[in-house]
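Q: starting from these lines, generate the structure:
(chains A and B)
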Amino acid sequence: DTGVSQDPRHKITKRGQNVTFRCDPISEHNRLYWYRQTLGQGPEFLTYFQNEAQLEKSRLLSDRFSAERPKGSFSTLEIQRTEQGDSAMYLCASSLARQVNYGYTFGSGTRLTVV
Amino acid sequence: EDQVTQSPEALRLQEGESSSLNCSYTVSGLRGLFWYRQDPGKGPEFLFTLYSAGEEKEKERLKATLTKKESFLHITAPKPEDSATYLCAVGGSGGSNYKLTFGKGTLLTVNP
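A: So this is what the prediction gives:
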């Protein structure tokens, strides 16, 4: 297993377009998280899955954002009608429920630029 | 609401010059204080978890300590490859430790 994979690494889109990002967690990890990081800031929590169930969404996640984790494996994060304020690094992380004290394993992120 | 404040925002050291990074936190029920390292263009890399005041953990040139209000990341005799942003995070407000609240990080530059 090579860790948490995110695709694409970079995405440039025009304002108003829809974009979708994919995250493949470490295979045995049952928890999956999405965070957003802007320049000079720490990551901010967006949403969290345990297996296929989405258990919490941050108030940062507007109605334009939706995340799924079908069958408890990979996850997708979709942003509809993108705005310039959506430009950020979108980070995915995974962990085992019983080993959260070992910390998450993050992917390398998808950098979104909205022009 | 959980809060994490890191200082300084940036730190420049000469190779071999030891120093410390600070992380002050406010949390209703600490379920872990985490330190991560982040290189440019990459995701954070887990370093340590601390749970109780007085706890210490070490890894190579790094040592993390924890009090009831803050954590320190001590860097002993740093090398240029230690240059990175160091992030502190707390977990567990509301009785869960699945959601982390991060500070803004300290950008460390070690000059040869």
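Q: against residue B:46, how distant is the most centrally placed residue in chain A?
A: By CA atoms, centre = their mean, chain A has its centre lying nearest to residue A:34, at 3.2 Å. According to CB to CB, to the nearest Å, residue A:34 and residue B:46 sit 17 Å apart. For the C-beta atoms, the positions are set from N, CA and C on the backbone; glycine is no exception.
Q: quick one: strands adjacent to the helix or strand of chain A with the lowest mean pLDDT?
A: Least confident helix or strand of chain A, by mean pLDDT, DSSP states H and E, is strand A:53-57 with a mean of 89. The pairing partners recorded for strand A:53-57 under DSSP bridges are strand A:44-50 (antiparallel).
Q: how about the partner strand: buried residues?
A: Neighbour-count burial for strand A:44-50, counted by 16 or more other CB atoms under 10 Å in any protein chain shown, picks out A:44, A:45, A:46, A:47, A:48, A:49.
Q: in a markdown table, list those residues along with distance to residue A:63.
A: Formatted as a markdown table, those follow (distance: CB to CB, whole Å):
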| residue | distance to residue A:63 |
| --- | --- |
| A:44 | 18 |
| A:45 | 18 |
| A:46 | 14 |
| A:47 | 13 |
| A:48 | 18 |
| A:49 | 19 |
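Q: now pLDDT and distance to residue A:66 too, for the residues you listed, in JSON lines please.
A: What follows is the buried residues of strand A:44-50, written out as JSON lines (pLDDT from 0 to 100; distance: CB to CB, whole Å):
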{"residue": "A:44", "pLDDT": "95", "distance to residue A:66": "17"}
{"residue": "A:45", "pLDDT": "93", "distance to residue A:66": "16"}
{"residue": "A:46", "pLDDT": "94", "distance to residue A:66": "11"}
{"residue": "A:47", "pLDDT": "94", "distance to residue A:66": "9"}
{"residue": "A:48", "pLDDT": "90", "distance to residue A:66": "14"}
{"residue": "A:49", "pLDDT": "92", "distance to residue A:66": "13"}
